[in-house]
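1. model the following, please.
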Amino acid sequence: MSEDHSNSGGEFEREPVPESALLGSGKFWGMYAGEHAAGTEFMIGPLFLAAGASLQDLLLGLLLGNFLAVLTWRFLVTPIAIAKRMTLYYQLERIAGGALVKLYNLVNGLLFCFLAGAMVTVSASAVGVPFGITFDVPKSMFGLSNPSFTFLVAIVGVVIAVVAAGGYERVARVANIAAPWMIAVFAACGIVSLGQMDATSISAISEGKFWTNAIAFVQEKNGPQSFSFWQIVVFAWLCNGAMHFGMADLSIFRFARSKNSGWAPSIGMFLGHYMAWICAGLLLAALIKIQPTLALGTDGKVSANPGLLAFHSVGWTGIICVVIAGWTTANPTIYRAGLAFQGVLPKSSRTAMTLVAGTVATIAGAFPNLSAQLLGFVGTYGTVLGPMGAVIFVDFYLMKRFGLREEYATHSGVQINVAVLVAWLLPVAVGLYLIFAQGLFAAYAVIPCWIACGAIYLVLSKLTQTTGPINQGVTQ
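-> Prediction:
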């Protein structure tokens with residue numbers, strides 16, 4: 001390739017990662033532990049309880065859903081990442097064309113920023129507890145909280161953005177240091193919460209009255225809701241759909257020396273999206289039992305304030321854990337968003353674009369109601385971003401088999417590959433209509449949209465490609 005890599009800073013944004021820069025499995029285990037036993041867990045766990053999920057459904061549903069997520073990372077993402085060793089964004093540019101990928105990268109980066117913004121809110125909620133600063137729940141989705149909390153969000157956001165701007169090595173290093181301690185604190189939160197609810201025996205835990213009583217309290221205040229076993233399974237599997245089905249983590253696993261690194265998400269799924277979600281749910285159940293008024297927001301409804309929940313369980317240790325937990329989730333998310341924004345402005349540096357992403361995430365974090373919508377939001381961004389992963393899957397595995405050219409945009413010179421454009425937008429438009437107009441549970445749309453996108457891309461490529469197949473890989 002002829003691109004100038006002088007500003008790559010060792011991140012290889014527009015070239016395959018060389019052998020000398022590959023990383024051992026330990027880097028990935030630490031990063032996934034830090035990212036997925038982290039800030040979102042303090043929000044999502046209580047939201048399951050608030051949505052009316054039974055304890056039995058939660059225990060079994062999360063077990064199955066997280067197992068499916070690990071398999072998807074290992075067998076869908078890792079083989080392509082190691083074969084190509086390019087970022088998601090550069091691979092899509094070679095397939096879809098530069099102009100189309102700019103649009104995708106902009107959407108991708110913004111959605112990742114909103115997710116990171118929720119984690120900025122989580123960390124700020126903990127920082128505010130010692131100072132008596134809590135976020136008021138605004139009436140509107142995009143309403144600001146009180147000025148003091150907004151100021152805390154700004155400080156936390158700046159720190160997170162600076163760390164993420166240091167690159168993948170720094171992100172992984174922070175996660176490696178923090179992850180073991182955070183996991184231990186999550187477990188402690190669950191154990192202490194059970195003690196606070198006098199659920200100290202196997203029979204008391206299996207009976208689960210503390211959980212059903214908490215659900216009854218929430219639904220009295222917030223209104224009736226239900227969250228079924230299969231919703232839990234699909235949510236656990238696809239809440240990170242943009243990262244595995246959507247192939248965003250090609251940008252992470254391109255550094256992997258071995259395919260065995262693809263098992264690293266399992267530590268995040270089972271210690272984070274299993275143990276930590278359940279323990280975080282127990283925090284809310286315990287607070288409802290011992291001090292129910294503290295579980296109510298200014299609007300009289302139950303709200304999950306992560307810092308407050310952790311503080312009333314394990315004190316200052318909980319405060320520190322929530323701060324770092326939000327940090328270690330936001331760091332890699334902002335890193336990914338920075339890469340996406342760099343795809344919009346290829347001549348810009350990754351560091352500058354990561355700081356832009358951090359700024360956007362900080363602004364999003366100033367709106368507390370966004371973090372309260374995580375159960376729906378993560379399914380929605382999986383629906384929007386996930387289908388592009390099907391384009392990469394089809395391009396990698398099927399194009400040559402059907403006599404078509406891989407990386408068509410690179411070899412034909414088109415700026416917009418029409419086959420990709422239609423294959424992405426059509427299923428996503430249908431999926432979003434079903435979610436917002438028909439009330440479909442957002443995570444249910446991810447896989448149908450993914451399959452439809454891949455099929456449409458293959459058919460339209462057969463109809464629109466004007467050049468024959470090529471047997472070489474990445475042009476060097």
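2. all helices of the stretch 351-476 of the chain, in order?
-> Using DSSP state H, counting those that start in this stretch, the helices assigned to the stretch 351-476 of the chain run over residues 368-371, 374-385, 387-397, 408-412, 418-436, 446-464.
3. which one, of those, ends up nearest to Gly315?
-> Comparison of the helices of the stretch 351-476 of the chain against Gly315 by C-beta to C-beta identifies helix 368-371 as nearest, at 23.0 Å. Every C-beta, even on glycine, is put in place using the N, C-alpha and C of the backbone.
4. what's that closest one packed up against?
-> Judged by 3 or more C-beta pairs under 8 Å, 6 or more residues apart in numbering; DSSP states H and E, helix 368-371 is in contact with helix 98-128.
5. next helix or strand past the helix it packs on?
-> Under the assignment DSSP states H and E, the closest C-terminal helix or strand after helix 98-128 is helix 147-165.
6. straight-line length of stretch 285-294, end to end?
-> Between the opening and closing residues of stretch 285-294 lies a distance of 12 Å (C-alpha to C-alpha, to the nearest Å).
7. so for it, what gets flagged as buried?
-> Judged by neighbour count (16 or more other C-beta atoms under 10 Å), stretch 285-294 contains these buried residues: 285-289.
8. can you redo the helices of the stretch 351-476 of the chain as a markdown table with mean neighbour count?
-> Shown next, in a markdown table, are the helices of the stretch 351-476 of the chain (neighbours: other C-beta atoms under 10 Å):
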| stretch | mean neighbour count |
| --- | --- |
| helix 368-371 | 23 |
| helix 374-385 | 23 |
| helix 387-397 | 24 |
| helix 408-412 | 19 |
| helix 418-436 | 19 |
| helix 446-464 | 20 |
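9. of those helices, which is nearest Val17?
-> That would be helix 387-397 among these, by C-beta to C-beta, at 16.6 Å.
10. enumerate every residue touching the residue nearest the centre of the chain.
-> The centre of the chain sits closest to Asn240, judged by C-alpha atoms, centre = their mean, with a distance of 5.0 Å. Taking C-beta atoms under 8 Å, 6 or more residues apart in numbering, we find Asn240 in contact with 36, 69, 378, 382.
11. returning to that earlier point: which of the helices of the stretch 351-476 of the chain comes out lowest on mean pLDDT?
-> Ranked by mean pLDDT, the helices of the stretch 351-476 of the chain end with helix 368-371 at the bottom, a mean of 75.
12. may I have that one as CSV, with CA atoms only?
-> Listed in CSV are the C-alpha atoms of helix 368-371, where the atom choice follows Å, rounded to 0.1, in the frame of the first residue of the first chain:
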residue,chain,number,x,y,z
PRO,A,368,-28.6,11.0,32.9
ASN,A,369,-31.7,9.6,31.2
LEU,A,370,-29.5,8.1,28.4
SER,A,371,-27.9,5.7,30.9
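13. still on that earlier bit, quick one, which of the helices of the stretch 351-476 of the chain is nearest to Val122?
-> helix 368-371 (6.5 Å).
14. and that closest one, how far out from the chain's middle?
-> What separates the centre of helix 368-371 from the centre of its chain is 15 Å, taken as C-alpha atoms, centre = their mean, to the nearest Å.
15. returning to what we had before: okay, the contacts of Asn240 in a markdown table with distance to Ala154 next?
-> Output for the contacts of Asn240, formatted as a markdown table (distance: C-beta to C-beta, whole Å):
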| residue | distance to Ala154 |
| --- | --- |
| His36 | 26 |
| Ala69 | 33 |
| Val378 | 25 |
| Gly382 | 29 |
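16. for Lys347, state which of those residues is nearest.
-> Gly382 (30.6 Å).
17. just say helix, strand or coil for the nearest residue to the closest one once chain neighbours are set aside.
-> Closest residue in space to Gly382, ignoring its immediate chain neighbours: Gly241 at 2.9 Å, by C-beta to C-beta, 6 or more residues apart in numbering. Of the three states, Gly241 takes coil under DSSP: H, G, I helix; E, B strand; the rest coil.
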